[in-house]
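> Dropping the sequence and predicted coords here.
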Amino acid sequence: MTRNIRRYRWGRWLVFLVALEIITLSINFFYAPIDIAAGGTTGIAILVEAVWHVERPLTVLICNLAMIGLAWIFLERKVVKNITLGSLLLPVFMQLTPSFQVTDNELLAVIIGGGLMGFGVSLLYRINASSGGTTVPPMILKKYFYLDSALTLMFIDLLVIFMNIFVAGPNAYNGKLFARRGNGTPVDAALIPGNIDPHLKQSHTKIPLPGLPAVQVYPTACYAGKEREVNLMKLLPAHSCGGAE
């Protein structure tokens, strides 16, 4: 299927534009309205808007232009060509697409936003395209210092996520980590240490978390926040997550 898409220029363009719009929808409909910054230049833009009220598309454009400049200096021209169009079109899509809150359920917004983001990025990978952004520094670090690009990209994204603490407080940090897991980065630790007993073995045990509607992720199980309580799902293999009942 991937080869067929690449064979026809119009098909590649269609997938490219659809992927950018899907990424835009995840941001404008789900992440941004509840100040979820799940990494990347779009996450930086959400934080900047929350603090200084600068429009998200403008921040993304400035960040992406800076990344294109770094790629031009330190990487091959083929890489620059590959990231330029997506880097410039993404803020345009963000500006043209309306932005509003689709759901009042933050958990649902994080799940859907993460799913859309991951799907959009996977479509870009299928046609060897990119939306640029914070994918550039890992490529530079890999070329000159032989550092694993996946790990450095995860570190950059986690740094952006960490900044949520200063913008929206510690509780908001939990949803951001889950959002990051939703679009591809594993989370291997409980997000609220001390609230969950690691020795609990029964399914559907309700554990009160006062005033905390955020999602909790544990190494061998998943917890879906519902109002002021968490349903302990049946134990799952490490690094996996089942849906809440």
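Done, it's in.
> Report the rounded mean pLDDT for stretch 110-124.
Stretch 110-124 comes out with an average pLDDT of 92.
> in it, what's buried?
Neighbour-count burial for stretch 110-124 flags 110-114, 116-118, 120-121, 123-124 (criterion: 16 or more other C-beta atoms under 10 Å). Placement of C-beta: from N, CA and C, glycine included.
> repeat for stretch 32-44
32-44.
> Determine how far the last residue of it lies from the first.
Taking C-alpha to C-alpha, to the nearest Å, stretch 32-44 runs 11 Å from one end to the other.
> same deal with stretch 32-43?
9 Å.
> do the same with stretch 122-142
21 Å.
> need the strands for this protein, in chain order.
205-208, 216-218, 221-226, 229-232 (DSSP state E).
> Now, the buried residues of stretch 32-44 that are in helices?
Counted as lying in helices by DSSP state H, out of these, are 40-44.
> would JSON lines of those residues with distance to R77 and pLDDT be doable?
Output for those, formatted as JSON lines (distance: C-beta to C-beta, whole Å; pLDDT from 0 to 100):
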{"residue": "G40", "distance to R77": "24", "pLDDT": "92"}
{"residue": "T41", "distance to R77": "22", "pLDDT": "95"}
{"residue": "T42", "distance to R77": "26", "pLDDT": "94"}
{"residue": "G43", "distance to R77": "28", "pLDDT": "93"}
{"residue": "I44", "distance to R77": "26", "pLDDT": "95"}
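> nearest to L153, of those residues?
Taking C-beta to C-beta as the measure, L153 sits nearest to G40 out of these, at 9.0 Å.
> Hmm, the closest one is touching M154, no?
No. Counting by C-beta atoms under 8 Å, G40 stays clear of M154, with 11.4 Å between them.
> Does G86 touch V15 like I think?
No. Using C-beta under 8 Å, G86 makes no contact with V15, being 12.0 Å away.
> between the two, who's got more neighbours?
The residue with more neighbours, out of G86 and V15, is G86; 21 against 18, by other C-beta atoms under 10 Å.
> Excluding chain neighbours, what is closest to the more buried one?
S131 (4.0 Å; C-beta to C-beta, 6 or more residues apart in numbering).
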